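*Asks:* show me the folded form of this:
(one chain, ligands or ions: 1)
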Amino acid sequence: MFCEIVSGARPAHVVFSDDVAVAFLDARPVFKGHVLVAPLEHYVTLADLPADLLGPLFLRVQRVSAAMPAAFGAQGSFIGENNVVSQSVPHLHVHVVPRTKGDGLRGFFWPRTRYAGDAEADEYARRLREALSG
Ligand SMILES: [Zn+2]
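*Replies:* Below you'll find the predicted structure:
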(Lines give C-alpha, C1' and ligand atoms only; values in the text may rest on other atoms or scores of the structure.)
Protein backbone atom coordinates (compact mmCIF):
# COMPACT_ATOMS: atom_id res chain seq x y z
CA MET A 1 0.00 0.00 0.00
CA PHE A 2 2.79 2.47 0.84
CA CYS A 3 4.73 1.24 -2.20
CA GLU A 4 1.77 2.59 -4.18
CA ILE A 5 2.20 5.97 -2.51
CA VAL A 6 5.92 5.89 -3.33
CA SER A 7 5.14 5.10 -6.99
CA GLY A 8 2.35 7.64 -7.12
CA ALA A 9 -0.30 5.00 -7.84
CA ARG A 10 -2.14 5.84 -4.62
CA PRO A 11 -2.89 9.49 -3.81
CA ALA A 12 -1.58 10.90 -0.54
CA HIS A 13 -0.98 14.27 1.05
CA VAL A 14 2.79 14.19 0.63
CA VAL A 15 4.78 16.65 2.72
CA PHE A 16 8.27 15.49 1.84
CA SER A 17 9.91 13.12 -0.60
CA ASP A 18 13.47 12.41 -1.67
CA ASP A 19 15.62 9.43 -2.67
CA VAL A 20 15.35 7.82 0.79
CA ALA A 21 11.84 8.33 2.14
CA VAL A 22 8.41 9.75 1.57
CA ALA A 23 6.47 11.56 4.31
CA PHE A 24 2.70 12.00 4.07
CA LEU A 25 -0.33 12.66 6.23
CA ASP A 26 -1.86 9.69 8.05
CA ALA A 27 -5.39 9.51 6.63
CA ARG A 28 -6.75 8.80 10.14
CA PRO A 29 -4.60 11.07 12.31
CA VAL A 30 -4.28 10.94 16.09
CA PHE A 31 -4.07 14.73 15.77
CA LYS A 32 -4.29 16.68 12.54
CA GLY A 33 -0.84 16.99 11.05
CA HIS A 34 0.09 13.39 12.02
CA VAL A 35 2.70 12.26 9.49
CA LEU A 36 4.03 8.86 8.41
CA VAL A 37 7.64 8.64 7.23
CA ALA A 38 8.29 5.54 5.10
CA PRO A 39 11.39 4.36 3.24
CA LEU A 40 10.99 4.24 -0.55
CA GLU A 41 12.17 0.65 -0.60
CA HIS A 42 9.84 -1.98 0.79
CA TYR A 43 10.81 -3.27 4.23
CA VAL A 44 8.17 -4.56 6.64
CA THR A 45 9.66 -3.95 10.07
CA LEU A 46 12.46 -1.93 11.63
CA ALA A 47 14.41 -5.17 11.96
CA ASP A 48 14.25 -5.62 8.18
CA LEU A 49 15.73 -2.19 7.46
CA PRO A 50 19.40 -2.35 6.41
CA ALA A 51 21.62 -0.62 8.95
CA ASP A 52 22.91 1.84 6.35
CA LEU A 53 19.36 3.16 5.89
CA LEU A 54 18.64 3.59 9.59
CA GLY A 55 20.44 6.92 9.93
CA PRO A 56 19.09 8.40 6.68
CA LEU A 57 15.51 7.37 7.52
CA PHE A 58 15.62 8.85 11.01
CA LEU A 59 17.23 12.02 9.71
CA ARG A 60 13.98 12.51 7.75
CA VAL A 61 11.95 11.70 10.87
CA GLN A 62 13.98 14.30 12.77
CA ARG A 63 13.34 16.93 10.11
CA VAL A 64 9.56 16.34 10.09
CA SER A 65 9.46 16.44 13.88
CA ALA A 66 11.49 19.65 13.97
CA ALA A 67 9.09 21.35 11.53
CA MET A 68 5.93 20.68 13.55
CA PRO A 69 6.11 23.65 15.93
CA ALA A 70 6.45 26.09 13.02
CA ALA A 71 3.85 24.29 10.90
CA PHE A 72 1.12 23.77 13.47
CA GLY A 73 1.98 25.77 16.56
CA ALA A 74 2.66 22.45 18.27
CA GLN A 75 4.83 22.41 21.39
CA GLY A 76 6.39 19.07 20.59
CA SER A 77 5.81 15.73 18.94
CA PHE A 78 5.44 12.04 19.59
CA ILE A 79 7.38 9.53 17.49
CA GLY A 80 6.42 5.87 17.33
CA GLU A 81 6.82 2.83 15.17
CA ASN A 82 4.88 -0.44 15.30
CA ASN A 83 6.32 -3.77 14.23
CA VAL A 84 3.77 -6.41 13.19
CA VAL A 85 1.45 -5.91 16.19
CA SER A 86 -0.73 -2.80 15.65
CA GLN A 87 1.12 -2.30 12.35
CA SER A 88 -1.81 -1.65 10.02
CA VAL A 89 0.29 -1.51 6.84
CA PRO A 90 3.13 -4.03 6.33
CA HIS A 91 5.57 -1.42 5.02
CA LEU A 92 7.82 0.19 7.64
CA HIS A 93 6.57 3.62 8.68
CA VAL A 94 7.40 5.97 11.52
CA HIS A 95 4.60 8.00 13.10
CA VAL A 96 5.34 11.66 13.84
CA VAL A 97 2.45 13.21 15.77
CA PRO A 98 2.28 16.89 16.76
CA ARG A 99 1.74 17.33 20.50
CA THR A 100 0.58 20.19 22.68
CA LYS A 101 0.30 20.18 26.46
CA GLY A 102 -3.23 19.24 27.49
CA ASP A 103 -4.04 17.69 24.11
CA GLY A 104 -5.62 14.76 25.95
CA LEU A 105 -3.55 12.01 24.37
CA ARG A 106 -3.71 8.96 26.63
CA GLY A 107 -2.92 6.04 24.36
CA PHE A 108 -0.51 6.39 21.51
CA PHE A 109 -2.74 5.60 18.54
CA TRP A 110 -6.28 6.26 19.65
CA PRO A 111 -8.73 7.74 19.34
CA ARG A 112 -8.29 8.84 15.74
CA THR A 113 -9.95 11.84 14.13
CA ARG A 114 -10.77 12.74 10.52
CA TYR A 115 -10.00 15.67 8.26
CA ALA A 116 -13.08 17.69 7.34
CA GLY A 117 -12.18 17.03 3.72
CA ASP A 118 -9.44 17.07 1.15
CA ALA A 119 -9.10 20.84 1.36
CA GLU A 120 -8.32 20.73 5.08
CA ALA A 121 -5.81 17.91 4.61
CA ASP A 122 -4.22 19.89 1.76
CA GLU A 123 -3.84 22.84 4.11
CA TYR A 124 -2.14 20.75 6.81
CA ALA A 125 0.21 19.23 4.23
CA ARG A 126 0.99 22.65 2.76
CA ARG A 127 1.85 24.14 6.18
CA LEU A 128 4.26 21.32 6.93
CA ARG A 129 5.85 21.45 3.47
CA GLU A 130 6.51 25.15 4.00
CA ALA A 131 8.02 24.56 7.42
CA LEU A 132 10.23 21.78 6.00
CA SER A 133 11.54 23.96 3.19
CA GLY A 134 11.97 27.07 5.36
ZN1 LIG B 1 5.68 -1.49 0.48
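*Asks:* hmm, Val94 is touching Asn82, no?
*Replies:* No: in this structure, Val94 is not within contact of Asn82 by CB atoms under 8 Å, at 9.6 Å. C-betas here are computed from N, CA, C, even on glycine.
*Asks:* look at the two and report which has more neighbours.
*Replies:* Shown here are Val94 and Asn82; by other CB atoms under 10 Å, Val94 has more neighbours (22 against 17).
*Asks:* gap between the more buried one and Gly117?
*Replies:* Taking CB to CB, to the nearest Å as the measure, Val94 and Gly117 are separated by 26 Å.
*Asks:* same question for Tyr43.
*Replies:* Shown here: Tyr43 relative to Gly117, a distance of 33 Å by CB to CB.
*Asks:* more neighbours: those two, which one.
*Replies:* Between Tyr43 and Gly117, counted using other CB under 10 Å, the more crowded position is Tyr43 (16 against 8).
*Asks:* the more buried one should be in a strand, yeah?
*Replies:* No: per DSSP: H, G, I helix; E, B strand; the rest coil, Tyr43 lies outside any strand segment and is coil.
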